[in-house]
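Enquirer: Give the three-dimensional model of this entry:
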Amino acid sequence: MFRGVLATAAAMTVLAAVPASADEVTGPIDLGTLPGGLTSSGLLVTNHGTVFGEAYDKAFDVHGARWDAAGRITDLRPLDGYSAVKATALSEAGVAVGDSTNHVTTGRATRWDAAGVPAELEQPTGFPGYAWSTPVAVNEAGVVAGTAYGAPGPDAAVRWDTLGKVTVLGLGRVRAMNDAGAVISESTYWDPAGNVVELTDGGSLHDLDNAGTVVGSVGTHAAKWDSTGRPTVLDTTWESSAALAITADGTIVGEVRDKDFTTRIARWDPAGTLTVFPGGQSRVTAVSRSGVVLGEDGGHTPLVWDRAGRVLRLPVPEGGICSAKGLNDWEVTGSCSVPGQNSHAVLWRFGEPVGSRAR
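Expert: Presented below is the predicted three-dimensional model:
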């Protein structure tokens with residue numbers, strides 16, 4: 001049951017919040033909802049200030065929502081014949097992709113243009129055939145990668161070109177793609193031409209950069225592989241570890257765990273030097289392109305660990321509940337609810353963008 005008051009779609013206000021230490025974080029800024037809707041959530045934000053998330057319309061159907069740097073919202077409706085949207089990925093250029101769905105188990109891969117008009121991405125054909133598909137990543141060229149599923153056989157990793165034409169890469173569920181079009185699943189690496197790169201020692205894969213370096217884990221320890229599949233184990237001093245993301249300059253972010261099962265955020269610089277989060281229990285939520293980490297502590301308090309080593313806790317309105325989901329190099333997006341109001345998409349700011357693109 002929905003409750004609370006409606007915020008105008010373009011209005012952006014700073015909710016009354018507990019002050020951050022040294023006033024290093026401002027917000028949360030309320031991004032509002034779709035006209036007539038009551039609820040919204042920010043999931044991703046680019047360094048250009050575009051936010052991508054989900055919002056309910058006045059019929060209580062969840063749509064995609066894209067807010068520009070001035071806070072103006074665009075309704076990203078589902079394909080004809082579908083009732084809802086699941087937002088999944090956003091490029092720095094603002095290209096949004098997700099699923100058009102009728103219920104939580106099925107979807108049609110969808111890409112929205114600058115005006116918010118949806119276009120279906122081609123579905124794979126042939127035996128055994130796949131009934132549904134979901135995008136996972138979109139690169140700066142507008143190429144999309146994702147997973148086709150619903151067939152009698154295993155899921156398939158697929159890639160769509162800028163015209164929406166699909167290529168089946170092989171079996172697996174896509175986890176990431178770089179700007180050249182190389183794709184990884186949980187255990188397979190396809191180069192830009194679609195050829196499998198054999199990974200020495202195998203491993204569990206999580207992310208890759210534009211140089212073709214893949215990160216993940218071998219056994220119980222964090223590792224990386226170069227573009228030819230040669231591995232380097234990043235650490236063996238902790239009980240276990242995993243590399244979860246790699247940034248533009250080769251910084252790697254992940255988690256380490258000690259013998260008492262305490263998990264901590266970890267960061268390896270391009271030379272391989274390990275720095276562990278200066279606190280207790282902590283987990284990674286998202287990583288920006290420059291290596292700023294969004295995470296939470298053992299009490300599930302959202303925080304930012306920046307490249308200078310500062311730990312910045314995100315202010316939460318008095319009596320409110322907030323969830324942080326994505327970040328760029330200077331902002332975090334998520335959602336907050338306060339007494340008397342539904343959950344709204346919000347932004348926190350912890351720095352200044354290049355060119356001071358202030359909201």
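Enquirer: okay, CA-based contacts and neighbour counts for the rest of this
Expert: Noted.
Enquirer: what residue ranges in this protein score low on pLDDT?
Expert: 1-23, 103-105, 127-128, 354-359 (pLDDT under 70).
Enquirer: in stretch 160-172, what counts as buried?
Expert: Buried residues in stretch 160-172, counted by 16 or more other CA atoms under 10 Å: 160, 161, 164, 166, 167, 168, 169, 170, 171, 172.
Enquirer: any idea which of those residues is closest to residue 239?
Expert: Nearest to residue 239 among the buried residues of stretch 160-172 is residue 172, at 28.6 Å by CA to CA.
Enquirer: Count the neighbours of the closest residue to residue 63 other than its chain neighbours for me.
Expert: Spatially, and ignoring its direct neighbours in sequence, residue 63 is nearest to residue 85 (4.8 Å; CA to CA, 6 or more residues apart in numbering). Residue 85 has 31 neighbours, counted by other CA atoms under 10 Å.
Enquirer: Spit out the contact partners of residue 85.
Expert: 54, 62, 63, 64, 76, 77, 78, 98, 99, 100, 101 (CA atoms under 8 Å, 6 or more residues apart in numbering).
Enquirer: Residue 291 now?
Expert: 246, 247, 251, 252, 253, 306, 307.
Enquirer: would you list the residues you listed in a markdown table and tack on distance to residue 275 and secondary structure?
Expert: Formatted as a markdown table, the contacts of residue 291 follow (distance: CA to CA, whole Å; DSSP: H, G, I helix; E, B strand; the rest coil):
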| residue | distance to residue 275 | secondary structure |
| --- | --- | --- |
| 246 | 15 | strand |
| 247 | 15 | coil |
| 251 | 11 | coil |
| 252 | 10 | strand |
| 253 | 10 | strand |
| 306 | 12 | coil |
| 307 | 11 | coil |
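Enquirer: and those residues, which two are the farthest apart?
Expert: 246 and 306 (14.9 Å).
Enquirer: hmm, back to that, make a ChimeraX selection of whichever of the contacts of residue 291 turn out to be buried.
Expert: Selection of buried members from the contacts of residue 291 for ChimeraX, criterion 16+ other CA under 10 Å:
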select :246,247,251,252,253,306
